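1. need a 3D model of the following:
(one chain, ligands or ions: 1)
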Amino acid sequence: MSIRVLFLGEIVGRGGITSVKDALRPLRQARSIDLVIANGEGATGGFGLGKAHSMQLLKLGIDVITGGEKIYYKLDMVEFIDKNPSILRPANYPQQNPGRGVRYLTVGEQKVCVINILGNADFPRTHLTNAFILAQHLVDQARAEGAIPLVQFHASPTAEKLTMGHMLKGKAAAVIGTHSKVLSADATILEGGTAYITDNGRCGSQMSVGGFDPPSEIDKQITAVPRRSLECWDSLELVGVLVDIDDEGKAVAIETIRIPVEGKEEHTPCTNESP
Ligand SMILES: [Fe+2]
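-> Take a look at the predicted model:
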């Protein structure tokens with residue numbers, strides 16, 4: 001039996017959560033989506049994922065939340081992540097770290113394996129297992145267990161993500177890049193049935209700097225004075241990619257999704273003032 005998987009882009013702040021709240025359930029029903037995977041490491045104010053927000057996102061219809069270099073930013077998540085197998089941290093953190101980087105689950109009649117990997121470059125404060133060696137190992141292991149490997153690759157350079165896609169083509173059913181928070185225009189099916197995109201964008205404000213208020217980001221660039229990034233609510237959208245996987249575990253289609261959301265919740269508009 002074929003399955004349809006939605007990979008949502010990084011959920012940034014309350015605008016991102018509102019986008020999920022308003023648009024995910026109708027989309028899930030309208031497009032007969034079997035599994036929803038989302039990067040949630042910026043759901044709490046853009047920096048980390050608090051326990052309460054993680055539970056809210058799971059209730060809103062996300063099946064597996066993936067992380068990246070910000071997964072431990074909120075202290076209550078450091079404790080909670082061990083208790084909830086639906087929240088992943090990168091698999092290449094030290095094995096004794098809180099949480100896990102792989103989630104096996106059954107979708108319809110198919111066994112799938114969601115694998116969360118952090119890139120090698122640009123994350124200097126971590127000492128990770130090599131992303132490529134580990135990804136290859138975990139994908140092979142998933143196939144050996146009869147599961148369809150779905151790789152969420154949280155990495156910075158586009159070349160690193162493309163390299164991962166090509167290394168795993170014909171092995172993983174999907175290699176979906178995150179972290180840049182900008183939807184890239186290269187969604188494709190690689191040889192052997194691997195759905196690939198360099199970055200699946202962000203859920204939340206599109207008229208912003210990665211979901212943040214532009215004036216604050218401009219000020220930071222000009223002055224080098226540290227200041228808090230502010231959440232932005234301008235042009236909310238639910239963003240991601242839909243991937244169809246056939247009964248042999250190969251991807252046959254990938255489609256980018258952008259759904260504008262009104263965002264009826266009360267919110268503070270973009271402002272240049274610090275809270
Ligand atoms: Fe990140």
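2. contacting residues around residue 57?
-> Applying Cβ atoms under 8 Å, 6 or more residues apart in numbering, we find residue 57 in contact with 11, 17, 20, 38, 40, 43, 65. Backbone N, C-alpha and C define where each C-beta goes, glycine included.
3. show me what contacts the fifth one?
-> Looking back up the chat, that one is residue 40. Residues near residue 40 by Cβ under 8 Å, 6+ apart: 10, 11, 49, 53, 54, 57, 62, 65, 66, 67, 87.
4. what is the burial count for residue 188?
-> 13 (other Cβ atoms under 10 Å).
5. name the element the residue nearest to it when sequence neighbours are not counted belongs to?
-> Excluding its sequence neighbours, the residue lying closest to residue 188 (Cβ to Cβ, 6 or more residues apart in numbering) is residue 196, at 5.5 Å. Under the criterion of DSSP states H and E, residue 196 resides in strand 194-197.
6. I'd say residue 103 and residue 64 touch.
-> Yes. Counting by Cβ atoms under 8 Å, residue 103 does reach residue 64; the two are 5.4 Å apart.
7. between those two, tell me which one has more neighbours.
-> residue 64 (23 against 20).
8. doesn't residue 88 make contact with that one?
-> Yes. Here residue 64 reaches residue 88: they are 6.6 Å apart, a contact under Cβ under 8 Å.
9. bridged to the residue nearest to the spatial centre of the chain, which residues?
-> Closest residue to the average C-alpha location of the chain: residue 39 at 2.4 Å, with Cα atoms, centre = their mean. Beta-bridge pairing for residue 39 (DSSP bridges): residue 66.
10. check contacts around it.
-> Going by Cβ under 8 Å, 6+ apart, the list of residues near residue 39 reads 8, 9, 10, 11, 65, 66, 67, 68, 152, 154, 178, 179.
11. quick one: the residue of the chain found nearest the ion from residue 263, how far?
-> Using Cβ to the ion, residue 68 is the residue of the chain that sits closest to the ion, at 3.5 Å. Relative to residue 263, residue 68 is positioned 25 Å away (Cβ to Cβ, to the nearest Å).
12. kindly report the same for residue 108.
-> 33 Å.
13. more neighbours: those two, which one.
-> A count of neighbours by other Cβ under 10 Å puts residue 263 above the other of residue 108 and residue 263, at 21 against 13.
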